[in-house]
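1. no sequence on this one, just coordinates:
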């Protein structure tokens, strides 16, 4: 990364942060639904639920239960109790974050509720790493979730309506992922390489005026473009600085747009770009159209596949860029556009 | 504050943070609606809108406009441009934070969207101060808003329905408040005393099982109690350490409960407790029942009255504790309880 930085400052370029004492990702969990379990990453998830209601009475309670289980699994894998977590940073797609509020209330961890639509895992890891690197916390949990049925009810149509989905539509992932971010003292040597958060580039809201709630990839691609470009500029790096540049849920439509937009600026990411929404489902076999989406999509792809690749030594450094579409049912019905946002997190395996 | 702290650590007690290089509040703005302008604090607001639509076509657009104007006013008062603000931390009550997304998109500031219901201003100032104290940012804007009509539509009934309101109900404040939090180098001497953020106590979600969406004060009081008690314990202080302990929007019902709960633990705050929801309206003249509420309530009370008292030397130190009720229309209709949350911010005038 850029050498001409003031050694004391953690501000890099226009909008990035470098962590001088990079926080560790000491634990991660992935709880998924049936369809996700049947997808290409299914063998990597910690828990897979055959029952979409997860034994509960409503979609919202089901999602809360996914989140509760992923929080507990992350704690268990780290050998920690909830009182060892100084702060929890998390959110979800549901209005007023009810999946989160009801999912984590029993943990009794001081909580910062956040909303970045499907970019929420990026924002949670950003704030989590800031808390740890700044000495404000020893252990922080970053967590998020989404649920296909709850999201359809929230943003589009109830499932019973049986609406048709265009090919540009995404399939919201049912799942919850959590990571525990810790300082050096709290970090113990894990199996495989230790993984640290080296820096972040929090994103701006970008509105290209798109109004189609069935084409989120196109709405989010410009935001991903702006954040990734700024990351390159702020840190003075080129695309091949990263083994992988991994967006959250642009899907097939958004991926094409992102590669084109960066290409126009002289950045070729066609060889090392990956999208969690494309990886998590088998598009043809599973009929998921543009790809997976939802806060849970990038979260459980990160906490399973991406972390595995880093810990296993296959990748050394990735730019993880969860992407979000900032619409609500109200804004959509009132004819507003769909602004996007993307937060980039630089994640490295220690060698 | 407690003397036996490790000098390096910023973690205090169980869940609080002390800022070793306390960030300054260098600017603040308050934009309010007509009813708020007619209330006891009306003469202190920067802008008052007679038109509840603020010249827009929907309640949601009106709220976005309030937020835009409060952001611009805070910048103007600080003599800054939007590109001088490293990060914006903000949110609102509407599902998927649409008041914020559409209100601040044109500012093009990297944004961390947050949700803490009516405690959002406390959470925004907490994360803002963490960013500045930790060296991650020079200038941060913390901002929030609410709108009476948008909130009624979102959480209760459309205004046209003409429903009756019980005496325990709150009146959501129409308004937006913003503060700019800056490091020492960015701080210039203002009129009156300089005001700094000395510490924070982020709160836990507390659920006492209350289910009445028309009695938010009772739902939030236990959360305020937990956060304030923890603040006293973490910093090793008594209630009279603060000139004022100021909750967000407990109102008359919640205030009584809070004073009783703390009294049972041996903390008497009856002499120095104040509630923004009680201060902002004249209950008898303005028919506002339990008091004001909404993210805007504590925000514009802080950015007008509270800051004025600190800058003017009347108060030296306040504990500002915005309070939030974590319900949604969906969770309420599904018969769920209303958990509460409260984030405490220690604000001091420099002498």
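-> Great, that's in hand. What you see is a predicted model, and the numbers here were worked out from it, not measured in a lab.
2. pick out the residue of the stretch 251-351 of chain A closest to chain B.
-> As assessed by Cβ to the nearest Cβ, chain B sits closest to residue A:328 within the stretch 251-351 of chain A, at 3.7 Å. Glycine gets a C-beta too; all of them are placed from N, C-alpha and C.
3. what sits against that residue?
-> A:95, A:155, B:94, B:95, B:96, B:98 (Cβ atoms under 8 Å, 6 or more residues apart in numbering or on different chains).
4. cool, residue A:91 as well?
-> Contact analysis of residue A:91 by Cβ under 8 Å, 6+ apart lists A:97, A:100, A:113, A:114, A:115, A:116, A:120, A:123, A:124, A:144, A:295, B:115.
5. go again with 10 Å.
-> Residue A:91 is in contact with A:97, A:99-101, A:111-117, A:120-121, A:123-124, A:142-145, A:295, B:97, B:113-115, counting by Cβ atoms under 10 Å, 6 or more residues apart in numbering or on different chains.
6. state the mean pLDDT of the helix or strand harbouring residue A:300.
-> Here residue A:300, judged by DSSP states H and E, is contained in helix A:295-301. Throughout helix A:295-301, pLDDT has a mean value of 98.
7. and stretch A:267-287, what's buried?
-> Under the neighbour-count criterion of 16 or more other Cβ atoms under 10 Å in any protein chain shown, stretch A:267-287 has A:267, A:269, A:272-281, A:283, A:286 buried.
8. include distance to residue A:15 and pLDDT when you put the residues you listed into a markdown table, please.
-> Formatted as a markdown table, those follow (distance: Cβ to Cβ, whole Å; pLDDT from 0 to 100):
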| residue | distance to residue A:15 | pLDDT |
| --- | --- | --- |
| A:267 | 17 | 98 |
| A:269 | 19 | 98 |
| A:272 | 22 | 97 |
| A:273 | 21 | 98 |
| A:274 | 23 | 98 |
| A:275 | 23 | 98 |
| A:276 | 23 | 98 |
| A:277 | 25 | 97 |
| A:278 | 27 | 97 |
| A:279 | 27 | 97 |
| A:280 | 29 | 97 |
| A:281 | 32 | 97 |
| A:283 | 34 | 90 |
| A:286 | 37 | 95 |
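9. so which residues on the stretch 251-351 of chain A come close to chain B?
-> Within the stretch 251-351 of chain A, the positions adjacent to chain B are A:324-341, A:343 by Cβ under 10 Å from any Cβ of the partner chain.
10. of the residues you listed, just the buried ones, ChimeraX syntax please.
-> Buried subset of those, written as a ChimeraX selection, criterion 16+ other Cβ under 10 Å:
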select /A:324,325,326,327,328,329,330,331,332,336,337,338,339,340,341,343
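11. now, the residues of the stretch 251-351 of chain A next to chain B that are in strands?
-> Among these, DSSP state E puts A:324, A:325, A:340, A:341 in strands.
12. is it true that the first one touches residue A:254?
-> Right, residue A:324. No - counting by Cβ atoms under 10 Å, residue A:254 is not a contact partner of residue A:324; they are 11.9 Å apart.
13. shared neighbours, these two?
-> A:216, A:219, A:220, A:223, A:224, A:248, A:293, A:340.
14. need the worst-confidence member of those.
-> Of all the shared contacts of residue A:324 and residue A:254, residue A:216 carries the smallest pLDDT score, 90.
15. count the neighbours of it for me.
-> Residues near residue A:216, counting by other Cβ atoms under 10 Å in any protein chain shown, number 32.
16. next structured bit after the helix or strand hosting residue A:76?
-> Taking DSSP H and E as the criterion, residue A:76 maps to helix A:59-78. Next along the chain after helix A:59-78, taking DSSP H and E as the criterion, comes strand A:87-92.
17. for that following strand, which strands pair with it and how are they oriented?
-> Its sheet considered, strand A:87-92 pairs with strand A:111-113 (parallel), strand A:139-146 (parallel) by DSSP bridges.
18. which elements pack onto whichever helix or strand comes after that strand?
-> Tracing the chain past strand A:87-92, the next element assigned as helix or strand by DSSP H and E is helix A:98-104. Packing partners of helix A:98-104 (3 or more Cβ pairs under 10 Å, 6 or more residues apart in numbering or on different chains; DSSP states H and E): helix A:59-78, strand A:87-92, strand A:111-113, strand A:139-146, strand A:175-182, helix A:295-301, helix B:329-333.
19. the next helix or strand along the chain from the fifth one to strand A:139-146, inter-axis angle?
-> Downstream of strand A:175-182, the next assigned helix or strand under DSSP H and E is strand A:195-201. Here strand A:195-201 points in a direction 70 degrees away from that of strand A:139-146 (axes from the mean of the first three to the mean of the last three Cα atoms, to 10 degrees).
20. where does residue A:1 land on pLDDT?
-> Each residue has a pLDDT score; the one for residue A:1 is 46.
21. and residue A:168, by the same measure?
-> Looking at residue A:168, its pLDDT stands at 89.
22. next one: residue A:309
-> Residue A:309 is assigned 98 on the pLDDT scale.
23. swap in residue A:7?
-> If you check residue A:7, the pLDDT there is 42.
24. please state the offset of the strand ranked longest in chain A from the chain centre?
-> Criterion DSSP E: the longest strand present in chain A is strand A:24-33. Going by Cα atoms, centre = their mean, to the nearest Å, the spacing between the C-alpha centre of strand A:24-33 and its chain's C-alpha centre is 12 Å.
25. please apply the same query to stretch A:166-175.
-> So, by Cα atoms, centre = their mean, the centroid of stretch A:166-175 is 15 Å from its chain's centroid.
26. one more: stretch A:27-38?
-> Distance of stretch A:27-38 from the chain centroid (Cα atoms, centre = their mean) equals 14 Å.
27. check which residues of it are buried.
-> A:27, A:28, A:29, A:30, A:31, A:32, A:33, A:35, A:36, A:37.
28. just to revisit the earlier point, please pick the buried ones from the contacts of residue A:91.
-> Using 16+ other Cβ under 10 Å as the burial test, the contacts of residue A:91 include A:97, A:99-101, A:111-117, A:120-121, A:123-124, A:142-145, A:295, B:97, B:113-115 as buried.
29. could the strands paired with strand A:87-92 be laid out in CSV, adding mean pLDDT?
-> CSV is the format used below for the strands paired with strand A:87-92 (pLDDT from 0 to 100):
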stretch, mean pLDDT
strand A:111-113, 98
strand A:139-146, 98
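30. ends of stretch A:144-163, what's the gap?
-> 27 Å (Cα to Cα, to the nearest Å).
31. quick revisit: I'd like to know which elements the next helix or strand after the helix holding residue A:300 is packed against.
-> Sequence-wise, the next helix or strand downstream of helix A:295-301 (DSSP H and E) is helix A:307-311. Contacts defined by 3+ Cβ pairs under 10 Å, 6+ apart place helix A:307-311 against strand A:24-33, strand A:195-201, strand A:244-247, strand A:317-321, strand A:344-349.
32. can you tell me, leaving aside adjacent residues, what's nearest to residue A:24?
-> In space, and not counting its chain neighbours, residue A:24 is closest to residue A:187: 4.1 Å by Cβ to Cβ, 6 or more residues apart in numbering or on different chains.
33. do you know how far that neighbour is from residue A:308?
-> According to Cβ to Cβ, to the nearest Å, residue A:187 and residue A:308 sit 18 Å apart.
34. please apply the same query to residue A:197.
-> 17 Å.
35. just residue A:227 next, same as before
-> 25 Å.
36. mind checking what secondary structure residue A:39 has?
-> coil (DSSP: H, G, I helix; E, B strand; the rest coil).
37. quick revisit: and of the contacts of residue A:328, the nearest to residue B:192?
-> Distance to residue B:192 across the contacts of residue A:328 (Cβ to Cβ) is lowest for residue B:94, with 34.7 Å.
38. isn't the closest one up against residue A:95?
-> Yes - taking contacts as Cβ under 10 Å, residue B:94 lies within contact range of residue A:95: 8.1 Å.
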